[in-house]
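>>> Here is a sequence with its predicted model. Questions after.
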Amino acid sequence: MTVRNSAIGRLALVTVAAATLVAAPARAQSRPPIVFRAEQCLRQNVDRVVAAERDLQSAAAFLVTYACAGEVAGAQKYYRNSAYIQMFNTVIKTVATATPPGTPAKPAAPNPLAGLDLKASVDPETGEFVTAPTAPGAPANPLAAMLPMMSGLFGQVAPDSTPVELRKLAGELVLAARAKAR
């Protein structure tokens, strides 16, 4: 009975380990490449930062703020611009279908936002806005034309918010590197 339970336990452990190995690449592929590169940078630089900085909090902050600043900023831009795309699309859809209060029963003037589609996304490699080209002869979409210019502006007025998942990863990596160094 003990041998059987032990064998079943080992089989379960192997199954869980195999499932974890299969799921890890899928999870890695589901993240945007720009976020994946930020995570790689944190992993590649943690030992060097921990060796130079004794304070755990300072080491984690240095890791995301200086050692991997470019990669973390790219991930931050990706998340910020993705949120703006969602926000603009929601506002356009809401305003385009809204009826002002107290509107008389007669037909109202056409809503200028009705039928407007932002047709924009965020490049997972760079975090920059990507807008669809305007069809020949069609009027330019003013919102889509404005987004690339606003990318820099959004970065200046938005609070500096390092993505939580990257801060958390930096903390975990610093703790593991410190434990390994002892």
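Alright, I've got the coordinates. In this text the structure is predicted, and so the values were computed from the model without any measurement. Numbering: from 1, shown residues only.
>>> Could you export stretch 146-153 as PDB, keeping only the C-alpha atoms?
The C-alpha coordinates for stretch 146-153 follow below in PDB (Å, rounded to 0.1, in the frame of the first residue of the first chain):
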ATOM      1  CA  MET A 146      -3.700  62.400 -33.100                       C
ATOM      2  CA  LEU A 147      -2.700  59.300 -31.100                       C
ATOM      3  CA  PRO A 148       0.900  59.000 -32.300                       C
ATOM      4  CA  MET A 149       1.600  62.600 -31.400                       C
ATOM      5  CA  MET A 150       0.000  62.200 -28.000                       C
ATOM      6  CA  SER A 151       2.100  59.100 -27.000                       C
ATOM      7  CA  GLY A 152       4.900  61.300 -25.600                       C
ATOM      8  CA  LEU A 153       2.400  63.600 -23.900                       C
END
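>>> what pLDDT, on average, does it get?
What stretch 146-153 shows for mean pLDDT is 72.
>>> can you check stretch 63-82 too?
Throughout stretch 63-82, pLDDT has a mean value of 94.
>>> And for stretch 91-109?
Throughout stretch 91-109, pLDDT has a mean value of 66.
>>> Make 863 the first number, not 1, from now on.
With 863 as the first residue, the last one maps to stretch 953-971.
>>> Now for F950, which secondary structure element holds it?
Using DSSP states H and E, F950 sits in helix 931-959.
>>> strands paired with the following helix or strand past that helix, and their directions?
Sequence-wise, the next helix or strand downstream of helix 931-959 (DSSP H and E) is strand 982-984. Strand 982-984 has the following strand partners under DSSP bridges: strand 991-993 (antiparallel).
>>> Counting neighbours, which bits of the partner strand end up buried?
For strand 991-993, burial by neighbour count (16 or more other CB atoms under 10 Å) applies to 991-993. C-beta coordinates here come from the backbone N, C-alpha and C atoms, glycine included.
>>> G989 - that's part of a strand, no?
No. Assigned with DSSP: H, G, I helix; E, B strand; the rest coil, G989 falls outside any strand and is coil.
>>> Excluding chain neighbours, what is closest to V908?
L1035 (4.2 Å; CB to CB, 6 or more residues apart in numbering).
>>> and the gap between the one you found and A937?
From L1035 across to A937, the span is 15 Å (CB to CB, to the nearest Å).
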